[in-house]
Each structure stands twice: as C-alpha cells, then as structure tokens.
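Engineer: turn this into a model:
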Amino acid sequence: MNPEITQLLDRSRSSWSVPTEPRLLQARIWPAHGSTPAPVVVLSHGTGGAGEDLDWLAKPLNDAGFLVASVDHHGNSYNDEYLVEGFTFAWERARDITLLIDHLVDEHDIDIRRIGAAGFSFGGYTVTAVLGGKIDVHIMDAMFQGHIPAPDVPEFPDLIKTLRSKYSDAELTSLVESGARSMTDTRVRAGILLAPAIGRLLIPESLQHISAPVLVRWGDADDNTPPEDNALLYRDLIPHAYGESLGSNVGHYVFLGDREDPTGVRPRVAAEAVKFFMSNL
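Structural biologist: Numbers count the residues shown, from 1 in each chain. Sure, this is the predicted structure:
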C-alpha cells in the first residue's frame, strides 16, 4: 500500500514565506489496513529532509497494523523551501506533529489511546518535545544573539547570520521565550529517537520528567550529532529510555532511506520499532 499525500492547513500560524497566508504542511499517511480503531505512529524527518526519508520505517509499521503518518516541516523540508525559521525555531516542529495528530483524529478511525512517535536527528528532538522536553531559553537566546556557537547545519550555511539579519535582538528573545514553553502532546504515549539532535539545547530536568517509554538508537561514527552530546544524553536523562549503539562504523545518514546500508541497520531498526510500539502502545 502506498501513502496518501494530503495538505494540512494551519490557520493558527502564518507562512514564513508569505506571512499573510496560513501555514500549509504536506503529510504522508499510510492508512491502516487491519482492524480499527487503529494504533498510530507519527514520524518526524531530519533537518532539511522530508517524510519519505522515513518510508523504510513507515512501511513495516503499516504492515504490522499501524496507521503511520509523517509531515514535511515548514521551512525545513526539501519538499517545501528552506527558510531560516524552519532551521532555527525548533519548537515549531512539535506543533506540526500536534496538527498532524489533530487531522488524524478528525479524518481517520484511530485509537487515541495508542499513539506513538518516531523521529530522526532534528526529528528525534521533535519527538522529545512532544513528550515533554523543553528548550533552554538562556542557551537558545545566547545562540541566537551570537554569544555561543550554533551547531553546524550543512543544509543552511550562515544560519545565525541570516537569522540575525531578519530579526532584531528583542524579537529573537521574545520568540525564544515563547518557544521555550512546553509543547507536550499528552496523546503521544511512546517515542523512538534515531540519532537525535540538539541535546545540549534542552533543559535536563525537562527530560528527567518525561514519563513515556523511549527507545534511542545511534551510530558511534556519527559526527553530525555526536552521541555524547545527543543520543547518550537523551538515553541517560529520560527515566524510561533505553538503547544502544548500532555499531562503531555506523554514521548519521544511515537512517535516510536513500543511503547505503551495508550492515542492514534500517531493517534491524524497523523490526525493533514494530516490537517497541506493539509492546508500549
């Protein structure tokens, strides 16, 4: 079964490219083909990516009876356009996931007691935000003001320079303060983080307060989101998180469906995901 492509209109937020228009997001939905109401897994792609990057995970979950849906995050997807806000206003991604779940509740026969989420890289953070992880306002503001270095983003060079050319210091501080509030969606009961990003930008105590079960997977050769600052931090701080490295030679981009996977990382992780969500939803 192939996914359905649908457009989600969010009238509560404007488009960053055309501020007079509401925000439009593209979603990929793999309808459940088993009994209903169906359990659900929502997916969040990595920075600069798109929902189809995780089709390798969506299909096995769908085959196992889950309705699976992904969303292309506005301003941070090659199916949309690259906008500086999409690469820096991290908290907006969690709101995209909530919008997606709202759509599924309205348009599909789903079991709202059985909703999980999985994400890669920036999407791993996104899942954490939906589960209760919060941005550290002081660190994020200092990064936006140029006082501390920002993580390297290959898809968007000169990220902070571009951001600061568009927004004043006061505007950025206000935006960070708004984004640092909780983005928790209590409908999401379990999460999978694949090579999660921006771990050092979160409040550790917020991770310690997450009550959902969480599976974390990464590769030791990941130099995009180094495990000691990201995957290991998430795993060790979230009370019910567990996971281990997928190998000393496994890098960051093995989790993208169009990349080489000589050791079979993706099929292994997909099988683990099915087992994890079957057990925890």
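
Engineer: and the strands in the stretch 51-200 of the chain?
Structural biologist: 67-71, 110-120, 188-194 (DSSP state E, counting those that start in this stretch).

Engineer: pLDDT wise, what is the residue nearest to Phe277 when sequence neighbours are not counted at?
Structural biologist: Closest residue to Phe277 apart from its sequence neighbours, by Cβ to Cβ, 6 or more residues apart in numbering: Gly116 at 4.8 Å. From N, CA and C alone the C-beta is placed, and that goes for glycine too. Reading off the confidence values, Gly116 has pLDDT 98.

Engineer: surely Gly116 touches Val274?
Structural biologist: No: the pair Gly116 / Val274 is not scored as a contact, 10.9 Å apart, by Cβ atoms under 8 Å.

Engineer: before we move on, the earlier item: gap between the residue nearest to Phe277 and His240?
Structural biologist: Separation of Gly116 from His240 (Cβ to Cβ, to the nearest Å): 13 Å.

Engineer: and those two? Which one has more around it.
Structural biologist: Gly116 (27 against 12; other Cβ atoms under 10 Å).

Engineer: please report how far the residue sitting nearest the centre point of the chain lies from Ser165.
Structural biologist: In the chain, the residue lying closest to the centroid (Cα atoms, centre = their mean) is Gly123, at 2.0 Å. Between Gly123 and Ser165 the distance, using Cβ to Cβ, works out to 27 Å.

Engineer: one more: Arg28?
Structural biologist: Relative to Ser165, Arg28 is positioned 34 Å away (Cβ to Cβ).

Engineer: can you tell me the closest non-neighbouring residue to Glu155?
Structural biologist: With Cβ to Cβ, 6+ apart as the criterion, Glu155 has its nearest non-adjacent residue at 3.5 Å, and that residue is Gly48.

Engineer: check contacts around that neighbour.
Structural biologist: Going by Cβ atoms under 8 Å, 6 or more residues apart in numbering, Gly48 touches 76-78, 82, 87, 153, 155-156.

Engineer: would you turn the residues you listed into JSON lines with pLDDT?
Structural biologist: Shown next, in JSON lines, are the contacts of Gly48 (pLDDT from 0 to 100):
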{"residue": "Asn76", "pLDDT": "97"}
{"residue": "Ser77", "pLDDT": "97"}
{"residue": "Tyr78", "pLDDT": "96"}
{"residue": "Tyr82", "pLDDT": "95"}
{"residue": "Phe87", "pLDDT": "96"}
{"residue": "Val153", "pLDDT": "84"}
{"residue": "Glu155", "pLDDT": "84"}
{"residue": "Phe156", "pLDDT": "88"}
